[in-house]
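>>> Return atomic coordinates for the entry below.
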Amino acid sequence: MSTIISEGALTFTFEADAKAGKYDDWSFYRNQFQQGCFKDNKAVDLLCELNRSAWLIEVKDYRVHPRTKVVDLADEVAIKVRDTLAGLVAASVGANDPVERAFARRMVRAQRMRVVCHIEQPARASRLRPRVIEPDKLKLKLRTLLKAIDVHPIVGDRASMDGTLPWEVA
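Model prediction:
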């Protein structure tokens, strides 16, 4: 049976064999780690483990509200990936919930880490809603920042990633 997860206005449907979840909804993240060793830990939106590959997925939807944060998006994603990986290592040995602990162990023991930045932007650029994120530039910067984790991070939207990943987005 497929796992279906909503993130904002987007719905992710993962393959039947995939183990997937919203990391920032985990009890471990919210109650033990978020304000733990480092104050204000960040988290990617979704996790997926399939065929010994661990997927860390950050979702950004700028179709309705434009980006207002001053921090560079690539830096923001890299920080979230770093903090999520630290949280997964901690959860793999210290999570109170056995399901979260087992999922964290699967993620940590994966043979390959993959980073995905799913970005939806307005279909048509306008003065009111410009296309401010250039996926190619973001991908290049993420490749530099995350080369020790994933030398080929994926950046795209529903149209560009349709059918290439172990999930679909609607």
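>>> so is the most centrally placed residue in the chain in a helix, a strand, or just coil?
Note on the chain: the residue nearest the mean C-alpha position is residue 57, at 2.0 Å, using Cα atoms, centre = their mean. With DSSP: H, G, I helix; E, B strand; the rest coil as the basis, residue 57 sits in strand.
>>> how close does it sit to residue 31?
22 Å (Cβ to Cβ, to the nearest Å). Where C-beta positions appear, they are placed from N, C-alpha and C, glycine not excepted.
>>> Can you tell me which helices and strands the helix or strand bottoming out on mean pLDDT in the chain packs against?
Ranked by mean pLDDT, DSSP states H and E, the weakest helix or strand in the chain is helix 158-161, scoring a mean of 86. With contacts defined as 3 or more Cβ pairs under 8 Å, 6 or more residues apart in numbering; DSSP states H and E, helix 158-161 has these neighbours: strand 112-120.
>>> Each with direction, which strands does the strand it packs on pair with?
strand 53-61 (parallel), strand 154-156 (parallel) (DSSP bridges).
>>> helices or strands up against the host helix or strand of residue 11?
Counting by DSSP states H and E, the element that carries residue 11 is strand 10-14. If you count contacts as 3+ Cβ pairs under 8 Å, 6+ apart, strand 10-14 packs onto strand 3-7, strand 46-50, strand 53-61, strand 167-169.
>>> Show me what residue 119 is bridged to.
So, taking DSSP bridges as the rule, residue 119 has residue 60 as bridge partners.
>>> let's number from 32 now, not from 1
Shifting the count to begin at 32 puts that one at residue 150.
>>> Who are the contact partners of it?
Counting by Cβ atoms under 8 Å, 6 or more residues apart in numbering, residue 150 touches 91, 92, 93, 164, 166, 169, 186, 187, 188.
>>> do residue 58 as well
By Cβ under 8 Å, 6+ apart, the neighbours of residue 58 are 126, 127, 128, 131.
>>> hang on, the earlier thing: in the strand holding residue 42, what's buried?
Going by neighbour count (16 or more other Cβ atoms under 10 Å), the buried part of strand 41-45 is 41, 43, 45.
>>> Quick check: closest non-adjacent residue to the first one.
Pointing back at residue 41 there. Distances taken as Cβ to Cβ, 6 or more residues apart in numbering put residue 200 closest to residue 41, at 5.5 Å, once the chain neighbours are dropped.
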